[in-house]
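> With the input below, show me the fold.
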Amino acid sequence: MTSTAQAPNSGAGTAHPDHLGHVIFIAAAAAMGGFLFGYDSSVINGAVEAIRSRYDIGSAALAQVIAIALIGCAIGAATAGRIADRIGRIRCMQIAAVLFTVSAVGSALPFALWDFAFWRIIGGFAIGMASVIGPAYIAEVAPPAYRGRLGSFQQAAIVIGIAVSQLVNWGLLNAAGGDQRGKLMGLEAWQVMLGVMVIPAVLYGLLSFAIPESPRFLISVGKHDRAREILEEVEGGKIDLDARVAEIEHAMKSEHKSTFKDLLGGSFFFKPIVWVGIGLSVFQQFVGINVAFYYSSTLWQSVGVDPTDSFLYSFTTSIINIIGTVIAMIFVDRIGRKPLALIGSVGMVVGLALEAWAFSYHLVDGKLPAAQGWTALIAAHVFVLFFALSWGVVVWVFLGEMFPNKIRAAALGVAASAQWIANWAITASFPSLADWNLSATYVIYTVFAALSIPFVLKYVKETKGKSLEEMG
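Next comes the predicted model:
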């Protein structure tokens, strides 16, 4: 008889699946939500100037339409966990896939600006769900020995989604003769760009029918036999399946359901460790990274770059983002989270400062002088590279590891919410700030990148090589 004090050892820690390829397929299918996350987040880059022109709106209104999706993201992220616990991880993915599809069709065929904004919120809600449910499902299905590598599929899928959306936008813009409002298939080019997301959204939905439900959810609703079948499928036949089920049940019963109240304490409302998590999230966004993905084609056009070339540069930036992410995945466990964050901060300061310098020059015939133009372009790629190889990955690793067990889930939720709010603040403010002074806007981002260095040095503790239990 199993003791409630200690779960039996099933041998899962060293388990190897009988068919690793099948487990990789399951993780990759779940990570398709991450691909849609990246694709939907950045596809709007190709439509910004067309929306401004079609609806004849100023920078402030345009920014709200672009940023409004982030409100949906915050709501989707906040509710996805509860939905998944109630109806299952797979059903949650299917809901997200339907919402992605509906949002793509609605965004491509809007009647007016108000309903375009509404479809953006729906798409944002799906992004929020995908951002939570993908990593959670992969963590629950992956064999412990492969969890880290399979878990990285989500981040890899996000950056690939960003790159593919920019490549598709560039190809469609070329097909429309370099005009975002040029005709393609009876629609304007920007509408086709947004509508293309129907394809990966439908594929995500179909893949969700080909992968099993999480054993953890099945056990929580009493379907032990089905849970055993899936555990054998993903962890191999050599483990003690009955002991494995008991192990999961024991872990679920002994888990502390953290609440918002658990986070309170200290001299400034939250416990100090919660503020550190919020700080990491806010710095990650306040360096202006999402300007590079939401507005880069608009940015380049504003300093005289040809529209087609501006889309190509957006695509090359996305490739740099993938390369940086791969570098981070290789080194985050080797040199540690904190050194990587500091290296990234220094690199971002250099890249952003050079962009601020380049944009301070007056345009000649609608273009930056050649030296400043090339400096701005190279510096933008340097900034994205250093962000991707550090803060893009490291912050999520820190947030998953740094909090004590008792408050981890609630603290992670607060930190993630802070990230969406900071993302919204940067996205909503950039067009108006750029109209005011583009160089000064980049000086602001440079200052935040510089301030992140003493913040990390003083307040952030290294979590490399420590067990989650060691966090308190």
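> what helix or strand is A77 on?
Using DSSP states H and E, A77 sits within helix 69-87.
> per-residue confidence averaged over stretch 302-316?
Stretch 302-316 comes out with an average pLDDT of 83.
> Only the buried residues of that stretch, if you could.
Across stretch 302-316, burial judged by 16 or more other C-beta atoms under 10 Å covers 302-303, 305, 307, 310-316. The way it works is simple: take the backbone N, C-alpha and C, and place the C-beta from them, glycine included.
> In helices only, show me those.
Using DSSP state H, the members of these that fall in helices are 302, 307, 310-316.
> Make JSON lines from these and add distance to I421 to it.
JSON lines is the format used below for these (distance: C-beta to C-beta, whole Å):
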{"residue": "S302", "distance to I421": "26"}
{"residue": "P307", "distance to I421": "32"}
{"residue": "S310", "distance to I421": "29"}
{"residue": "F311", "distance to I421": "29"}
{"residue": "L312", "distance to I421": "32"}
{"residue": "Y313", "distance to I421": "29"}
{"residue": "S314", "distance to I421": "25"}
{"residue": "F315", "distance to I421": "29"}
{"residue": "T316", "distance to I421": "30"}
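> what's the helix holding A77 in contact with?
For helix 69-87, contacts defined as C-beta atoms under 8 Å, 6 or more residues apart in numbering pick out 40-41, 44, 92, 95-96, 120-133, 136, 217, 220, 413, 416-417, 420-421, 423-424, 427.
> Out of those residues, name the ones that lie in helices.
40-41, 92, 95-96, 120-133, 136, 217, 220, 413, 416-417, 420-421, 423-424, 427.
> which of the contacts of helix 69-87 are buried?
40-41, 44, 92, 95-96, 120-133, 136, 217, 413, 416, 420-421, 423-424, 427.
> need the contact list for V414.
V414 touches 260, 263, 270, 274, 277-278, counting by C-beta under 8 Å, 6+ apart.
> one more time with 7 Å
For V414, the contact set (C-beta atoms under 7 Å, 6 or more residues apart in numbering) comprises 263, 274, 278.
> How about Y39?
By C-beta under 7 Å, 6+ apart, the contact list for Y39 reads 161, 164-165, 197, 200.
> ok, and the closest non-adjacent residue to it?
G161 (3.9 Å; C-beta to C-beta, 6 or more residues apart in numbering).
> What separation do you get for the one you found and A341?
24 Å (C-beta to C-beta, to the nearest Å).
> same check, this time on I322
Distance from I322 to A341, by C-beta to C-beta: 20 Å.
> So for those two, which sits in the more crowded spot?
For I322 versus A341, neighbours defined as other C-beta atoms under 10 Å are more numerous around A341 (27 against 16).
> which ones are touching that one?
390-391, 394, 456.
> Ranking by neighbours, what's the top pick from the residues you listed?
S390 (29 neighbours).
> Show the contacting residues for it.
Contact analysis of S390 by C-beta under 7 Å, 6+ apart lists 328, 340-341, 343-344.
> now, which of these sits nearest V282?
The closest of those to V282 turns out to be A341 (C-beta to C-beta; 13.9 Å).
> Which is the succeeding secondary structure element to the helix or strand where that closest one lies?
Following DSSP H and E, one finds A341 within helix 337-359. Scanning forward in sequence from helix 337-359 by DSSP H and E, the next helix or strand is helix 370-388.
> quick one: buried residues of the helix or strand where L231 lies?
Here L231, judged by DSSP H and E, is contained in helix 224-235. By neighbour count on 16+ other C-beta under 10 Å, the buried set for helix 224-235 is 224, 227-228, 230-235.
> Give me the distance from that helix to the chain's centre.
30 Å (C-alpha atoms, centre = their mean, to the nearest Å).
> Mind giving me the packing neighbours of it?
Contact here means 3 or more C-beta pairs under 7 Å, 6 or more residues apart in numbering; DSSP states H and E; on that basis helix 224-235 packs against helix 215-220, helix 241-254.
> Let me have those helices in JSON lines, adding distance to G186 as columns.
Formatted as JSON lines, the helices and strands packed on helix 224-235 follow (distance: least, C-beta to C-beta, whole Å):
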{"stretch": "helix 215-220", "distance to G186": "44"}
{"stretch": "helix 241-254", "distance to G186": "53"}
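> so can I have TSV of those helices showing distance to A175 and mean pLDDT?
Below are those laid out as TSV (distance: least, C-beta to C-beta, whole Å; pLDDT from 0 to 100):
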stretch	distance to A175	mean pLDDT
helix 215-220	44	87
helix 241-254	51	78
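> looking at the ones you listed, which is buried most?
helix 215-220 (a mean of 21; mean count of other C-beta atoms under 10 Å).
> Now tell me what touches that one from outside.
Residues contacting helix 215-220 (C-beta under 7 Å, 6+ apart): 88-89, 140, 226-227, 230-231, 245, 248-249, 252.
> try it again with 10 Å
By C-beta atoms under 10 Å, 6 or more residues apart in numbering, the list of residues contacting helix 215-220 from outside reads 84-92, 136-137, 139-141, 212, 214, 223-235, 244-246, 248-249, 251-252.
> With stretch 350-361 instead?
287-288, 299, 302-303, 368-369, 371-387, 434, 437-450.
> in it, what's buried?
351-359, 361.
> and if you look at stretch 21-33?
For stretch 21-33, by 16+ other C-beta under 10 Å, it's 23-24, 26-33.
> Now S59, what are its backbone angles?
phi -60, psi -40 (degrees, to the nearest 10).
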